[in-house]
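Enquirer: Dropping a prediction and its sequence here:
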Amino acid sequence: MLGANNYGKAETRLVRVTRGGDGHHELVDLNVSVALAGDLAATHQSGDNAGVLPTDTQKNTVYAFAREFGAVPVEAFARRLAQHFVDSQPTIALARVSIEEYAWRRLGPHAFARGGEGIRTAAVSYDGSRTHVVAGITDLVLLNTTDSEFHGFAVDRYTTLAETTDRILATAVAAQWRYDPAPDDFDTAYAAVKQAMIDRFVGTYSYSLQQTLAAMGEGALAACPEVAEIRLSLPNKHHFLVDLAPFQLENPGEVYIAADRPYGLIEGTIRRDDAVDEPLAWALPR
C-alpha cells in the first residue's frame with residue numbers, strides 16, 4: 001500500500017528588486033521550496049495525473065506572487081503561497097512552504113554586498129483550516145574568546161579530553177521558533193528573537209554549551225511573547241590551543257587550531273509551560 005507521500009518544487013531561486021523613483025533600490029534574495037500532500041494515490045498507482053498541479057506551475061506561482069504581492073516578510077509570503085495551493089486545488093490537503101532569505105549589505109543606493117549575520121528562514125504549514133508559522137535562522141556564527149569552561153564531565157577508559165576553566169566557545173546557530181499566535185509584525189519579532197539569542201550568548205558565563213543553549217532559548221521566549229517554543233542546534237566549533245613548545249615558544253592562549261570536524265552537536269527545545277504541542281508545524285506534509 002502507498003504510505004506517506006508529498007511532492008513539490010524545491011529551491012526556486014528568486015531575486016526581487018524594488019526600484020524607488022529616486023534611484024534607491026531594495027533587494028530581496030530568496031530560496032523557496034514547496035511541498036504538497038493530499039489525494040495523490042492515483043498518480044503513484046496508475047500514472048493518472050489529473051490531480052497533480054505541476055511543479056513548474058508551483059515555480060511560476062512563486063514568481064507571480066512575488067511580483068503581485070511582494071516577497072517579504074518571508075513568513076507572510078510563505079503563508080500566502082501555502083494557503084493558495086491548498087485552497088485552489090481540490091486534491092491538495094496540506095501545503096508546506098519553506099523559505100531561506102539571504103542577506104545583502106547595502107553599499108550605496110543600488111549597490112550591495114552579499115553577507116550578514118545568518119540566513120533568515122521561514123516554514124509555513126497549512127491544512128485548509130490551521131496555519132502554523134515557524135521562523136528561524138541558520139549559519140549565525142558566534143564566538144566568545146573566554147568566559148567558557150568545561151569540566152566535571154563523566155570519565156571512562158576512553159576519555160582523553162582535559163578539563164579546562166578557560167576556552168574559546170564558538171558555534172553556528174541554527175534555530176527555529178514556532179509562533180502561537182503569529183505576530184502582527186514578523187520583522188520586529190524576528191529581530192527581537194535574533195538579538196535576544198545573541199545577547200544571551202554574549203552575556204552568559206558558560207560551563208557547557210548546553211547551558212548556553214538553554215539561556216539563548218529562554219532569552220528568545222522572553223523577548224517575544226508570540227514564540228511558543230524554540231528549537232536550537234548548536235555545533236561546538238572546537239578551537240584547540242597549538243603546542244608551540246617544539247619551537248621554544250610559549251602560547252598563553254593566543255594561537256589556536258580552528259577544527260572542522262568531528263564536532264560536538266548540542267540540540268534542544270525550550271518551550272513555554274503552557275505551549276500546545278503542534279507536530280504539524282514541524283513535520284513535512286504527509
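Expert: Received the coordinates, thanks. Numbering: from 1, shown residues only.

Enquirer: by contact count, what packs against the helix or strand containing residue 37?
Expert: In this structure, residue 37 sits in strand 25-38 according to DSSP states H and E. Applying 3 or more C-beta pairs under 8 Å, 6 or more residues apart in numbering; DSSP states H and E, we find strand 25-38 packed against strand 12-19, helix 55-69, helix 74-88, strand 92-102. To be clear about C-beta, it is placed using only N, CA and C from the backbone, and glycine gets the same treatment.

Enquirer: Can you give me the buried ones in it?
Expert: Of all the residues in strand 25-38, those buried under the rule 16 or more other C-beta atoms under 10 Å are 27-38.

Enquirer: do stretch 62-74 as well
Expert: Those would be 62, 65-66, 71-74, for stretch 62-74 by 16+ other C-beta under 10 Å.

Enquirer: Select, from those, the two members most distant in space.
Expert: Within the buried residues of stretch 62-74, 62 and 73 form the most distant pair, 15.6 Å apart (C-beta to C-beta).

Enquirer: circling back to that earlier point, packed most tightly, which of the helices and strands packed on strand 25-38 would that be?
Expert: Counting by mean count of other C-beta atoms under 10 Å, strand 92-102 has the highest mean neighbour count of the helices and strands packed on strand 25-38, with a mean of 23.

Enquirer: Pairing partners for that one, with directions?
Expert: Taking DSSP bridges as the criterion, strand 92-102 forms sheet pairs with strand 25-38 (antiparallel), strand 119-126 (antiparallel).

Enquirer: From the contact counts, what lies against the biggest helix by length in the chain?
Expert: Longest helix in the chain by number of residues (criterion: DSSP state H): helix 186-203. Helices and strands touching helix 186-203, by 3+ C-beta pairs under 8 Å, 6+ apart, are helix 74-88, strand 131-144, strand 169-179, helix 209-223, strand 227-236.

Enquirer: Surely residue 55 and residue 9 touch.
Expert: Yes: under the criterion of C-beta atoms under 8 Å, residue 55 makes contact with residue 9 at 3.9 Å.

Enquirer: Need the overlap of contacts for these two.
Expert: Contact criterion C-beta atoms under 8 Å, 6 or more residues apart in numbering; residues shared by residue 55 and residue 9: residue 34.

Enquirer: Redo the helices and strands packed on helix 186-203 as JSON lines? Include distance to residue 200.
Expert: Listed next are the helices and strands packed on helix 186-203 as JSON lines, based on distance: least, C-beta to C-beta, whole Å:
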{"stretch": "helix 74-88", "distance to residue 200": "23"}
{"stretch": "strand 131-144", "distance to residue 200": "10"}
{"stretch": "strand 169-179", "distance to residue 200": "11"}
{"stretch": "helix 209-223", "distance to residue 200": "4"}
{"stretch": "strand 227-236", "distance to residue 200": "11"}
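
Enquirer: Using CSV, please lay out those together with distance to residue 96 and mean pLDDT.
Expert: Formatted as CSV, these follow (distance: least, C-beta to C-beta, whole Å; pLDDT from 0 to 100):
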stretch, distance to residue 96, mean pLDDT
helix 74-88, 7, 98
strand 131-144, 9, 98
strand 169-179, 13, 98
helix 209-223, 23, 98
strand 227-236, 16, 98
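
Enquirer: what about the ones you listed, which gets the closest to residue 18?
Expert: Evaluated over these, closeness to residue 18 peaks at helix 74-88, with 13.8 Å, by C-beta to C-beta.

Enquirer: elements contacting that closest one?
Expert: Looks like helix 74-88 contacts strand 25-38, helix 55-69, strand 92-102, strand 119-126, strand 131-144, helix 186-203 (3+ C-beta pairs under 8 Å, 6+ apart).

Enquirer: try it again with 6 Å
Expert: When contacts are defined as 3 or more C-beta pairs under 6 Å, 6 or more residues apart in numbering; DSSP states H and E, helix 74-88 packs onto strand 92-102, strand 119-126.

Enquirer: can I see the domain layout of this structure?
Expert: 1-129, 138-286 (automatic domain parsing).

Enquirer: Could you tell me the end-to-end distance of the last one?
Expert: It stands for domain 138-286. The first and final residues of domain 138-286 sit 25 Å from each other (C-alpha to C-alpha, to the nearest Å).
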